[in-house]
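# got a structure for you, letters missing:
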């Protein structure tokens with residue numbers, strides 16, 4: 001399967017499921033491979049079995065203490081430029 005993907009590298013896509021280490025949004029290292037699938041050429045099919053992103057976020061939030069969550073600003077979307085770049089806060 002891997003050699004087929006390498007041979008057809010211009011059009012082949014491979015899905016690797018497992019665990020990896022990322023830094024800055026870039027793959028640094030594959031830690032564990034559970035499954036490798038050679039995908040058909042064309043668009044990547046929708047994975048109906050994938051965990052919805054809101055469930056992933058919910059699992060992450062369960063690991064954050066309430067005391068830490070309580071420190072997050074409640075106007076983050078409105079004043080994101082303030083929190084990211086230090087711009088003056090907008091008046092509510």
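Perfect, I can see it now. Keep in mind that what you see is a predicted model, and the values were worked out from it rather than measured.
# and this protein, what are its domains?
1-40, 50-92 (automatic domain parsing).
# mean pLDDT for those domains: which is lowest?
The stretch with the lowest mean pLDDT among the domains of the chain is domain 1-40, at a mean of 83.
# what's the span of it, first residue to last?
With CA to CA, to the nearest Å applied, domain 1-40 spans 12 Å between its terminal residues.
# could you do stretch 4-13 as well?
Span of stretch 4-13 from end to end, CA to CA: 10 Å.
# output the domains of the chain in TSV; the columns should cover mean neighbour count.
For glycine as for every other residue, the C-beta is placed from the backbone atoms N, C-alpha and C. Formatted as TSV, the domains of the chain follow (neighbours: other CB atoms under 10 Å):
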stretch	mean neighbour count
domain 1-40	10
domain 50-92	9
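# give me the residue at the spatial middle of the protein.
The centroid of the chain falls nearest to residue 25 when counting by CA atoms, centre = their mean (8.1 Å).
# which residues does residue 13 contact?
Applying CB atoms under 8 Å, 6 or more residues apart in numbering to residue 13 gives the contacts 5, 38, 39, 41, 44.
# repeat that for 6 Å
Shown in contact with residue 13 (CB atoms under 6 Å, 6 or more residues apart in numbering): residue 39.
# bridged to it, which residues?
residue 39 (DSSP bridges).
# and it, how far is that from residue 36?
11 Å (CB to CB, to the nearest Å).
# tell me the secondary structure at residue 31.
strand (DSSP: H, G, I helix; E, B strand; the rest coil).
# okay, and residue 37 sits in which element?
In this assignment (DSSP states H and E), residue 37 forms part of strand 26-39.
# repeat for residue 89
Using DSSP H and E, residue 89 falls outside every helix and strand.
# show me the contacts for it.
Residue 89 is in contact with 79, 82, counting by CB under 6 Å, 6+ apart.
# any idea how far it is from residue 69?
For residue 89, the distance to residue 69 (CB to CB) stands at 21 Å.
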